[in-house]
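S.K.: generate coordinates for the sequence data below:
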Amino acid sequence: MTDTTRRRLITGAAATGAAALAAPAVARAQDPIRWRLQTYAGAALAEHVAKPAIDAFNEMAKGEMVIELFTADQLVPTGELFRAMQRGTIDAVQSDDDSMASPTEVAVFGGYFPFGCRFSLDVPALFNDWGLGDIWAEEYAKVGVKWISAGSWDPCHFATKEPIRSLADLQGKRVFTFPTAGRFLTRFGVVPVTLPWEDIEIAMQTGELDGIAWSGITECYTVGWADVTDYFLTNNISGAWIGSFFANMEKWNALPPHLQALMATCFEQSHYYRQHWYWAGEARLRVFGEKMQLTSIPDAEWATVETAAREFWDEIAAESETKAKVVNIFKEFNAAMEKAGRPYRYT
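M.R.: Sure, this is the predicted structure:
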């Protein structure tokens, strides 16, 4: 074999090897991981409370993963969200624990736990600095669900057709609200009503409902409820709704760490966005909104509602050791905030 032939063979082999090494780079890209996430919120509200986080995640995931967003009751009714996620029918959920029928010991504290929070900042403080996050993570891990993070939403007020100016005005009112909030409000003659989220506006128009205790004034304007209610009660039974992002544990564990971190970061940014969106909206619409007339129950009379809430806490605490632990954190936290004084609490 001549030197020339030998050089040709070596050159050809090198070219073949280089092509083999380069092959993966030109192969068809792997299909993205696809998840389905359903939020408790209807379409108009989801534009603020869910869609920004999902859009941000999908953009930054750069084709590795895509989350498809579904709004209230699109795939399953809200009361079946937990079971659907646990089974893997839905990969992830944005909801409060209470309305998605969580089977955990902490379910009653999601949504509006009466007077548990005075301001929206109380929620991240409770979960990140007072131990609620550890309890939630542990409770959901027991049932095969990854609790990702909790954040605050709006306060809980009454939006009604007739004015509420005293506790007596609540007697017999059929109100759409959350399970635990409804359980508490029955003490004051309220009749809790459960309906699909998208049916609430029509139910107010037909007279099936007398009012809504599901949100603050920002949501009333955003979702159209301000068009079918005439009055907004400035007293609230909670200063902030507690909601979370959850995922099927098996699906979560299958994700590479960088996608887990990206998802958690996008959801945390969502909590921040909602916090200032609601905080600004609640004040702006009370002052400049023209669709609802503000009413109030006198402070001395409303104080009896707060006293009843503390009695309600003790009832909840008596149900289990875990509930007692959570109630104790709420008690210690609120006592510390009251002792700290302004701006943490106003008396």
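S.K.: name all residues that make contact with Leu132.
M.R.: 109, 126, 150, 326, 329 (CB atoms under 8 Å, 6 or more residues apart in numbering). Bear in mind the C-beta positions are built from the backbone N, C-alpha and C, glycine included.
S.K.: restricted to helices, list those residues.
M.R.: 126, 326, 329 (DSSP state H).
S.K.: any chance of those in a markdown table, plus neighbour count, distance to Ala264 and pLDDT?
M.R.: Below are these laid out as a markdown table (neighbours: other CB atoms under 10 Å; distance: CB to CB, whole Å; pLDDT from 0 to 100):
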| residue | neighbour count | distance to Ala264 | pLDDT |
| --- | --- | --- | --- |
| Leu126 | 24 | 18 | 98 |
| Val326 | 25 | 23 | 98 |
| Ile329 | 17 | 23 | 98 |
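S.K.: nearest to Glu47 among these?
M.R.: Leu126 (27.3 Å; CB to CB).
S.K.: nearest residue to the closest one in space, please, no chain neighbours.
M.R.: Leu132 (4.7 Å; CB to CB, 6 or more residues apart in numbering).
S.K.: just give the number of residues close to Gln74.
M.R.: 15 (other CB atoms under 10 Å).
S.K.: how about it, nearest residue that isn't a chain neighbour?
M.R.: Gln38 is the one closest to Gln74 (CB to CB, 6+ apart), at 6.4 Å.
S.K.: pull the contacting residues for the one you found.
M.R.: Neighbours of Gln38 in contact, by CB under 8 Å, 6+ apart: 69-72, 74-76, 81, 84, 90, 92-94.
S.K.: redo that, cut-off 6 Å
M.R.: 70, 75, 90, 93 (CB atoms under 6 Å, 6 or more residues apart in numbering).
S.K.: find the nearest non-adjacent residue to the first one, please.
M.R.: Across the structure, with CB to CB, 6+ apart as the measure, the residue nearest Phe70 apart from its sequence neighbours is Gln38 (4.3 Å).
S.K.: which positions in the stretch of helix or strand that neighbour belongs to come out as buried?
M.R.: Element membership of Gln38 [criterion: DSSP states H and E] is strand 33-39. Under the neighbour-count criterion of 16 or more other CB atoms under 10 Å, strand 33-39 has 33, 35-39 buried.
S.K.: ok, now stretch 52-59?
M.R.: Buried residues in stretch 52-59 (16+ other CB under 10 Å): 52-54, 56-58.
S.K.: and the two most separated of these?
M.R.: Longest span within the buried residues of stretch 52-59, CB to CB: Pro52 and Asn58, 11.0 Å.
S.K.: which of the three states applies to Phe267?
M.R.: helix (DSSP: H, G, I helix; E, B strand; the rest coil).
S.K.: excluding chain neighbours, what is closest to it?
M.R.: Phe245 (4.6 Å).
S.K.: before we move on, the earlier item: what pairs with the strand holding Gln38, parallel or antiparallel?
M.R.: Within its sheet, strand 33-39 is paired with strand 65-70 (parallel), strand 92-95 (parallel), according to DSSP bridges.
S.K.: how distant is it from the center of its chain?
M.R.: Its chain's C-alpha centre and that of strand 33-39 lie 15 Å apart, by CA atoms, centre = their mean, to the nearest Å.
S.K.: sorry, back to before: is it true that the residue nearest to Phe267 lies in a strand?
M.R.: Yes: counting by three-state DSSP, Phe245 is located in a strand.
S.K.: separation between it and Gly116?
M.R.: 20 Å (CB to CB, to the nearest Å).
S.K.: can you pull out the strands in this structure?
M.R.: 33-39, 65-70, 92-95, 145-152, 156-160, 174-177, 191-193, 211-215, 231-238, 242-248, 293-295 (DSSP state E).
S.K.: what would the ones you listed look like in CSV with distance to Ile202?
M.R.: Shown next, in CSV, are these (distance: least, CB to CB, whole Å):
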stretch, distance to Ile202
strand 33-39, 21
strand 65-70, 21
strand 92-95, 23
strand 145-152, 29
strand 156-160, 15
strand 174-177, 12
strand 191-193, 13
strand 211-215, 13
strand 231-238, 19
strand 242-248, 25
strand 293-295, 22
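S.K.: nearest to Phe184, out of those strands?
M.R.: Closest of those to Phe184 is strand 231-238, at 7.1 Å (criterion: CB to CB).
S.K.: the closest one - contacts with which helices or strands?
M.R.: Helices and strands touching strand 231-238, by 3 or more CB pairs under 6 Å, 6 or more residues apart in numbering; DSSP states H and E, are strand 156-160, strand 293-295.
S.K.: so which of those strands is the most surrounded?
M.R.: Mean neighbour count (mean count of other CB atoms under 10 Å) peaks for strand 156-160 among those, with a mean of 26.
S.K.: by contact count, what packs against it?
M.R.: strand 211-215, strand 231-238.
S.K.: among those strands, show me which one is buried the most.
M.R.: Most buried among those, given mean count of other CB under 10 Å as the contact rule, is strand 211-215, at a mean of 25.
S.K.: mind listing residues that contact that strand?
M.R.: By CB under 6 Å, 6+ apart, strand 211-215 touches 154, 156, 158-160, 173, 175-177, 225.
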